[in-house]
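>>> sequence first, predicted model second:
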Amino acid sequence: VGSEMVDHTKICLSAELPQSSIILQRSNNFLGQMQSLFTKYIKQGSDHELNIEYELRNALTLFFTRDNIEVQYAQYKLSTVMDEVAIQILQYLHDAYERFARSEEYRSHIEFFNKLLRPLVVHQQENNGALYQQASMECLDIY
């Protein structure tokens, strides 16, 4: 990307991204929320099934479908049960971005931005105007 340095060890997500209504609900039933997330995103055949490795889906299915989940909950730190899912999804996003960042399509977008849009942005910034509203971002280390 010209002389610009791109940090490929972070992924930045807009704070404006929608969150699951399951998490947005303020509930004291954390186990219920985790079970709902499993049913909506992890359970095989669900409407919003995530692309994760078979072994991880199988392990989570065993965890959430056992009769003694209350006992498991006491023995397992439930707040981290979905961490591996998040890590896999971030890795898949990173891998896809890496492929895109090396593509001719990406280079043409950067070239377009540099030639046509950057002067507009600089002009607006110099005049204390905003060409666009910059969303707040949350960056996560993926390595």
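Great, that's in hand. Keep in mind the model is a prediction, meaning the values are calculated, not measured. Residues are numbered from 1 along each chain as shown.

>>> endpoints of stretch 96-108, how far apart?
By C-alpha to C-alpha, to the nearest Å, the extent of stretch 96-108 from end to end equals 17 Å.

>>> could we number from 13 for the rest of this?
From this message on, residue numbering opens at 13, which makes the last subject stretch 108-120.

>>> avg pLDDT for that stretch?
Stretch 108-120 shows a mean pLDDT of 89.

>>> below-threshold pLDDT in this protein: ranges please.
13-25, 81-89, 129-155 (pLDDT under 70).

>>> all strands of it, in order?
Taking DSSP state E as the test, the strands found in the chain are 22-26, 149-153.

>>> enumerate every residue touching Thr51.
With contact set as C-beta atoms under 8 Å, 6 or more residues apart in numbering, Thr51 has these partners: Ser58, Phe76. From N, CA and C alone the C-beta is placed, and that goes for glycine too.

>>> same check on the one 3 residues further on?
Taking C-beta under 8 Å, 6+ apart as the contact definition, Ile54 lies against Glu61, Leu62, Ile64, Arg69, Leu72, Thr73, Phe76, Val97.

>>> which stretches of this protein form helices?
Using DSSP state H, the helices found in the chain span residues 33-36, 42-49, 66-77, 81-87, 95-113, 116-124, 130-138.

>>> now the third one against helix 42-49, angle please.
The reference is to helix 66-77. Between helix 66-77 and helix 42-49, the angle comes out at 130 degrees (axes from the mean of the first three to the mean of the last three C-alpha atoms, to 10 degrees).

>>> for helix 66-77, buried residues please.
Within helix 66-77, the residues that qualify as buried are Arg69, Leu72, Phe75, Phe76, counting by 16 or more other C-beta atoms under 10 Å.
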